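In: Here you go, sequence then predicted model.
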There are 2 protein chains.
Amino acid sequence: MLENKISNAVIRRLPRYYRHLGELIEMGVERISSNELSMRMKVTASQIRQDLNNFGGFGQQGYGYNVKHLYVEIGKILGLDKKHSLVIIGAGNLGRAIANYGNFEKRGFIIEGIFDINPKLTGSTIRGIEVRNLDEIEDFAKEHEIDIVALTIPKAQAINVAERLARLGVKAFWNFAHTDLNVPDNVIVESVHLSESLMRISYMLENGSSFD
Amino acid sequence: MLENKISNAVIRRLPRYYRHLGELIEMGVERISSNELSMRMKVTASQIRQDLNNFGGFGQQGYGYNVKHLYVEIGKILGLDKKHSLVIIGAGNLGRAIANYGNFEKRGFIIEGIFDINPKLTGSTIRGIEVRNLDEIEDFAKEHEIDIVALTIPKAQAINVAERLARLGVKAFWNFAHTDLNVPDNVIVESVHLSESLMRISYMLENGSSFD
DNA sequence: AGATAATTGATAAATATTTGACAAGCTAGG
DNA sequence: CCTAGCTTGTCAAATATTTATCAATTATCT
């Protein structure tokens, strides 16, 4: 809002910068130039400088960028300095994979609940979190502030649950169902369509050439 | 190669057209205009016409596009008329999620093997496929033609396995590890970085605005 | 069969994104 | 404290992508 307007292309790249900077910190690297980083990340140095400049001058001429500082600043831009509550709908393999990946919690994404329709799963626990019956999701949403809902259920159910929860004020969906969701435009939808990803591989196998 | 050169942006959209056309077939829709499709998919009609025209004139003035025909043609472009062998490295929740999602097989992606390093998992079966010890992967790769390797293991192992298998001629990796792979440029890498996806949601929660 | 409405494919214009180039400023070494 | 060598931030040029427009063609209706 303050800034003129950050382009989508830049936003899509930010998490990757964040990841690489984190790796550099682990390696004990204190400073890095756009040129060194460009070789590591296989993008142009010009793009890195221009991307980062959207958010202010993090670098210094003759020195480069301070890795730790840049990491923290990009983290703030991405909102990783704040906690976000996450609810998982679907306790199948995919839902459990997300629930069990500990690094999300480290980044401030707190799993507040897991829901499923299958009575064989409800009542069991995943990482200490009880799997509740999906019927309870609306009451739960009223009692808890939910930032993000991960949908790891079949498409018909995903569409239905998303509509209901959007009405209750959920602002973001992380959609793993193989469908588009039907929610108002102001609701955030980030979809992970695995079948589309696999089809792109198929295309590339046919036609050679790889893309970002 | 034949065609002048299809832009990346177009390729990235093809699987989504394919999915929507599949849904239209299920609904019994026989023909559709770029304008109707544009409302369904929430993209411009102009973009649809231009995208499809990259591959030849599938439409007809005054009529629109024949849904079934377009679906089949896009399927061919994506290489879905051919079978592809798939090996999954990592029998954790994510690997099992992929193995258990039956629709991949319908699209011609045949799971030829599942591998893991964990002795508690090796020997068990997933959808009738035995989980083998990761040590056997290189022998397996020599005996079988593997088109695609899905990596659902931690990053250090993923980098290592990808390097070894790329040397043995594997041409495509479906990478779920939170890292870049280190393979030659002619090897296809399609990465699904869940943490980056989640960070984009975090950014959007902070800054409003949603993007494709 | 002719008139009207629908709809594509193609072209051109408008936007968006990426890359190249370089002055200005900082570092580091003597 | 001065100089040589880096390296950024910025501006402009080059590419890539998206959108608007419209002539030409086909379907549909009477």
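Out: Noted; the coordinates are in hand.
In: Can you read off the backbone torsions of the residue of chain A found nearest DNA strand C?
Out: At 2.3 Å from DNA strand C, A:Gly62 is the closest residue in chain A, using CB to the nearest atom of the strand. Just so you know, the C-beta spots here come from the backbone N, C-alpha and C atoms, and that holds for glycine as well. In terms of degrees, to the nearest 10, the main-chain angles of A:Gly62 are phi 80, psi -10.
In: Is A:Val161 in contact with A:Ile153, as I believe?
Out: Yes: in this structure A:Val161 lies within contact range of A:Ile153 using CB atoms under 8 Å: 7.1 Å.
In: Between the two, which contacts overlap?
Out: Here A:Val161 and A:Ile153 have A:Ile89 as joint contacts, going by CB atoms under 8 Å, 6 or more residues apart in numbering or on different chains.
In: The longest strand seen in chain A near chain B anywhere?
Out: Ordering each strand of chain A by length in residues (DSSP state E) puts strand A:109-116 first. Yes: using CB under 8 Å from any CB of the partner chain, strand A:109-116 reaches chain B at A:Phe109.
In: Paired strands for that strand, with orientation please.
Out: strand A:84-89 (parallel), strand A:129-133 (parallel) (DSSP bridges).
In: which strands and helices sit next to the next helix or strand after that strand?
Out: Per DSSP states H and E, strand A:109-116 leads on to strand A:125-126 as the next helix or strand towards the C-terminus. Applying 3 or more CB pairs under 8 Å, 6 or more residues apart in numbering or on different chains; DSSP states H and E, one finds that strand A:125-126 makes contact with helix A:93-100.
In: Tabulate the CA atom coordinates of the helix it packs on in CSV.
Out: Listed next in CSV are the C-alpha coordinates belonging to helix A:93-100 (Å, rounded to 0.1, in the frame of the first residue of the first chain):
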residue,chain,number,x,y,z
ASN,A,93,-1.6,-38.8,4.0
LEU,A,94,-1.3,-35.3,2.6
GLY,A,95,-2.9,-33.7,5.7
ARG,A,96,-0.6,-35.7,7.9
ALA,A,97,2.4,-34.8,5.8
ILE,A,98,1.7,-31.1,6.5
ALA,A,99,1.0,-31.7,10.1
ASN,A,100,4.2,-33.6,10.6
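In: Pull out the buried positions in the next helix-or-strand element following it.
Out: Counting by DSSP H and E, the next helix or strand C-terminal to helix A:93-100 is helix A:103-106. By neighbour count on 16 or more other CB atoms under 10 Å in any protein chain shown, the buried set for helix A:103-106 is A:Phe104.
In: Can you get me the centre-to-centre distance for helix A:103-106 and its chain?
Out: Its chain's C-alpha centre and that of helix A:103-106 lie 11 Å apart, by CA atoms, centre = their mean, to the nearest Å.
In: what does it rub up against?
Out: A:86, A:98, A:111, B:178, B:195, B:198.
In: and if you look at stretch A:43-56?
Out: Stretch A:43-56 is contacted by residues A:3, A:6-7, A:10, A:13-14, A:17, A:33-35, A:37-38, A:41, A:58-59, A:65, A:70, A:73-74, A:77 when judged by CB under 8 Å, 6+ apart.
In: Many thanks, I have nothing further to ask.
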